[in-house]
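*Asks:* After the sequence you'll find the predicted model.
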Amino acid sequence: MSGTGGTIGEDTGADHGTGSGRRAERGTADVVWSGSWVAERLGVGLVGDGELRELLGLALRRNPKRAHLLVSNVLGKHVPQRPSVVYGAGVELGRRVRALLGEDGARRAVVLGYAETATGLGHSVADGLGAAPYLHSTRRPVPGVTRAGGFEEAHSHATSHLLLPEDPELLAAGPGSALVLVDDEFSTGNTVLNTIRALHERYPRDHYVIVALVDMRSPADRGRLTEFAAEIGARVDLVARNTGTVTLPDGVLEKGQALVAERERQQPDDRPVGAARRPHTRLDLPWPAGVPDGGRHGFTDAHRALLEPALPALADRVARALGDGPRRVLVLGFEELMYAPLRLATALEERTDAEVRYSTTTRSPVLAVDDPGYAIRTRLVFPAHDDPADGPGERYAYNVAGAGFDAVVLVVDSAADTPALHAPGGLLDRLAPHTEQVLLAVIPSYVPGAPAPERQEEAPMQLPEPLRGPAFSSYAPDEVGWLLQDLSDTRLEAPTEEREEAIQSGGAHYAESLPVEYQPSAEYQELFKSALALSAARIARAVGTVTETVLAERGPRPVLVSLARAGTPVGVLMRRWARARRGLDLPHYAVSIVRGRGIDANALRWLAEHHDPGDVVFVDGWTGKGAITRELAAAIAEFEKAGGVAGFNPEIAVLADPGGCVRTYGTREDFLIPSACLNSTVSGLISRTVLRADLVGPYDFHGAKFYRELAGADVSGFFLDTVAARFDEVADAVDAEVKELLAADRAPTWEGWAAVERISEEYGIHDVNLVKPGVGETTRVLLRRVPWKILARRGAGPDLDHIRLLAEQRGVPVEEVDSLPYTCVGLIHPKYTRGATGADGKAVESA
């Protein structure tokens, strides 16, 4: 449940048990549970859902506050794990938070992770939210950085947490800004309560969301969160992957301490003396300039946009340094430095045939017992090597020795690349006997206010010139320049149902693949032509109105930049109007913008190098609920914040604005724009844009394909010529309409967004991304996604003929409703799986 003081995710399964048995079932095979050794000797029980024992093991530690340690198998701290599993666990939690907050709330949220174990988990959760900035607490003070807060961790061996954001306003609570707090486990709740209490006094807000891999509160602790929320007058939600409880018999702390002392007396010193030293290889990674090494001082969406495309090249550098020999590789992070090594490891996992695992060193002392029923089998001990503020001490790497790794890639920041790291008995020395190859990969430490280090690679090549027809697109070369890279020879298409399942399950972003191009039937092509004949004059009038409004308010020579690809036919028509009616030859370019990823920053850089950013007018076809309108505004702000050229106006000019999302439009009617009826065959034979890390590098434009093979079905020129032929007859009406509009209040009403939120709740979807309002967006749902049902305004006329035909072909019900602010709304199948809808992708007809 949710609400004030409410929690979610508190019960994730009904398969409960004590967890004290020696074996745990996984599928049809029995495996030894890695908590059974502790459970048998101390009577510690693990009660929870069916996956809990796969997620957690148990160990014992030298700690005066809590003897047992819950050892996560997906955190990437103590247990080497596939990096995709570690990263995916955090991203999936982030997507659940995004669903809880909604798209707008997710964008305004701030994510805070806990040092040291949850710094990578928190950063992954922030990635799952989309554009949320991220900060993690730290135990490393940084001279010159003002402390924004701090708190204590009750059961930890090292308690003091510092908050050191570079931007002092990062934690400030703007309207509707939720604070998302991420830790690996939620046990007593004391750490979270300490945090919220400290931050609420300085940055009060209305909503907090707690995120953890496991919620392990005792029954006595479960009511405290609700009481605390009521005390501070804020809503507190909980999102957890799994739920359970640890049962502890009386005297377990003392018994555990005695058992640890006994076992340590029996164990030989695990720091061999006189072992032969093996040389290691050093690699200084060319980290993207200006990108922090993690979230210690804050990590924004602008940083994310710079890091993501750089990861494949960084992983390739690591792979080349390793050579072809290693078949089993460990990427080993360093204490709080978890995210950067994790993302390097995920990229390496994708780009090499080797088996890649990921874990990190820690300051937490844990007993090692070489038993399959114990979570910490081996331990390497070495001195701290980053000059810690609390003085020298031991540090640990668990489950590395004896794990059979051919190579270990140790990733540290430059502040930790000290003589202590390289000294006899240091971490490099301790790793050497346990692997054939040690590669030290060093990332430059990020210090706020310090100049970015010079790149160690050659300066990037100059950005390429725009692509133009007929080499790229069926448009004439002067109609539009595409600020894209040509991916025509790359296979990117996937079946609609397969894409939908991957997108909704979190396995892929929609921009990482392309839908198979819809091939219209003869009946549908005739429907397009008849719809165009009926609406050409109405479209021409809207083109004239929006163009004249732009010239009046943004002129005299605006630079049209259409958002590919729906905006591109509109941009071409606006350019034709300006030339036919005003004698102006306006520049026109097409750029990529991706929901959740922002606009192509390299395209903005190219535009700034060739034009005054103040002259740029972004153009799109229509508005639905306004998601891209908001995306563009946020992306421009992030671009400037990251050092990009200032001056771009994020307002969009559109042909139709049924959602009430912009102030520059041709009409606010929701009518059929025939260019929405088709895909590439009405858009210059260009695909949707693609953004995928292995295809788009740090100095590349986003990509797209040119479907030359569809030239026989291309109606792009026919559409443009048919509309342009009506310019003269609508000129007088345009003049009158523009005069009226320029004097009117055209402020966005966001009526469409409110309607979408209402529909999402009324139909039990609870995700505004699956509600696509307006004729254009509904058409896209039927052409590209797995539709569930179509809502049509009762009495809607010929504007919906093509919708009804497509719905009939896909087996999708059309439901007529009253009081719909749009002509129609397309609902994507919620929680889609091929098993739920049938292999043909047809919708389930019952709600």
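*Replies:* Structure's in. What do you need?
*Asks:* what sits against E815?
*Replies:* Neighbour list for E815: 789-792 [criterion: Cβ atoms under 8 Å, 6 or more residues apart in numbering]. C-beta: built from backbone N, CA, C; applies to glycine.
*Asks:* swap that for A67, sorry
*Replies:* Contacts of A67 by Cβ under 8 Å, 6+ apart are 42, 60-61, 252-253, 255-257, 260.
*Asks:* do the same with T362
*Replies:* T362 sits next to 77-78, 116-117, 335, 395-398 when contact means Cβ under 8 Å, 6+ apart.
*Asks:* I'd like to know how far L551 sits from R557.
*Replies:* Distance of L551 to R557, given as Cβ to Cβ, to the nearest Å: 9 Å.
*Asks:* which residues are common contacts for these two?
*Replies:* Common neighbours of L551 and R557, counting by Cβ under 8 Å, 6+ apart, are L584.
*Asks:* Those two: which is more packed in?
*Replies:* L551 (21 against 14; other Cβ atoms under 10 Å).
*Asks:* ok so V381 is a strand residue?
*Replies:* Yes. Counting by DSSP: H, G, I helix; E, B strand; the rest coil, V381 is found in a strand.
*Asks:* That one reaches L427, doesn't it?
*Replies:* No. Using Cβ atoms under 8 Å, V381 makes no contact with L427, being 9.7 Å away.
*Asks:* higher neighbour count, the two?
*Replies:* The neighbour comparison of V381 against L427 (other Cβ under 10 Å) goes to L427, with 29 against 16.
*Asks:* can you tell me which helix in the chain is longest?
*Replies:* Of all the segments of type helix in the chain, defined by DSSP state H, the longest one is helix 522-554.
*Asks:* For the buried ones among the contacts of E815, write the corresponding ChimeraX selection.
*Replies:* Applying 16 or more other Cβ atoms under 10 Å to these, the buried members can be selected in ChimeraX as follows:
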select :789,790,791,792
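*Asks:* Can I get the contacts of E815 in a markdown table including pLDDT, secondary structure and distance to S34?
*Replies:* As requested, the contacts of E815 are exported to a markdown table (pLDDT from 0 to 100; DSSP: H, G, I helix; E, B strand; the rest coil; distance: Cβ to Cβ, whole Å):
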| residue | pLDDT | secondary structure | distance to S34 |
| --- | --- | --- | --- |
| K789 | 90 | strand | 47 |
| I790 | 93 | strand | 51 |
| L791 | 91 | strand | 51 |
| A792 | 90 | strand | 56 |
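*Asks:* And the contacts of E815, which is closest to W482?
*Replies:* Closest to W482 out of the contacts of E815 is I790 (32.5 Å), distances taken as Cβ to Cβ.
*Asks:* Next, the residue nearest to that closest one when sequence neighbours are not counted: phi, psi?
*Replies:* Residue nearest to I790 in three dimensions, not counting chain neighbours: V814, with 4.6 Å by Cβ to Cβ, 6 or more residues apart in numbering. Note on V814: backbone dihedrals following degrees, to the nearest 10 are phi -110, psi 120.
*Asks:* wait, V814 sits on P787?
*Replies:* No. At 10.1 Å, V814 does not count as touching P787 under the criterion of Cβ under 8 Å.
*Asks:* mind checking the end-to-end distance for stretch 802-817?
*Replies:* Stretch 802-817 has an end-to-end distance of 18 Å (criterion: Cα to Cα, to the nearest Å).
*Asks:* Where does pLDDT dip in the stretch 601-750 of the chain?
*Replies:* For the stretch 601-750 of the chain, the stretches flagged by pLDDT under 70 are 675-677.
*Asks:* what about V236, neighbour count?
*Replies:* Applying other Cβ under 10 Å, we find 24 residues neighbouring V236.
*Asks:* can you count the residues close to the residue nearest to it when sequence neighbours are not counted?
*Replies:* Distances taken as Cβ to Cβ, 6+ apart place A229 nearest to V236, at 4.0 Å, with adjacent residues excluded. The local packing of A229 (other Cβ under 10 Å) involves 21 other residues.
*Asks:* I figured A229 was touching R235, is that so?
*Replies:* Yes. Between A229 and R235 there is a contact under Cβ under 8 Å: 6.6 Å.
*Asks:* Tell me the pLDDT of V192.
*Replies:* We have a pLDDT of 81 for V192.
*Asks:* Mind checking what helix or strand follows the helix or strand harbouring it in sequence?
*Replies:* Here V192, judged by DSSP states H and E, is contained in helix 190-202. Note on helix 190-202: by DSSP H and E, the next helix or strand toward the C-terminus is strand 207-215.
*Asks:* Report all helices and strands that the very next helix or strand once past that following strand contacts.
*Replies:* Where DSSP H and E defines the elements, the next helix or strand beyond strand 207-215 is helix 222-232. If contacts are counted by 3 or more Cβ pairs under 8 Å, 6 or more residues apart in numbering; DSSP states H and E, helix 222-232 sits against helix 190-202, strand 235-247.
*Asks:* residue ranges with poor pLDDT in this structure?
*Replies:* Applying pLDDT under 70 to the chain flags residues 1-30, 149-159, 267-278, 450-462, 494-511, 513, 518, 675-677, 784, 831-847.
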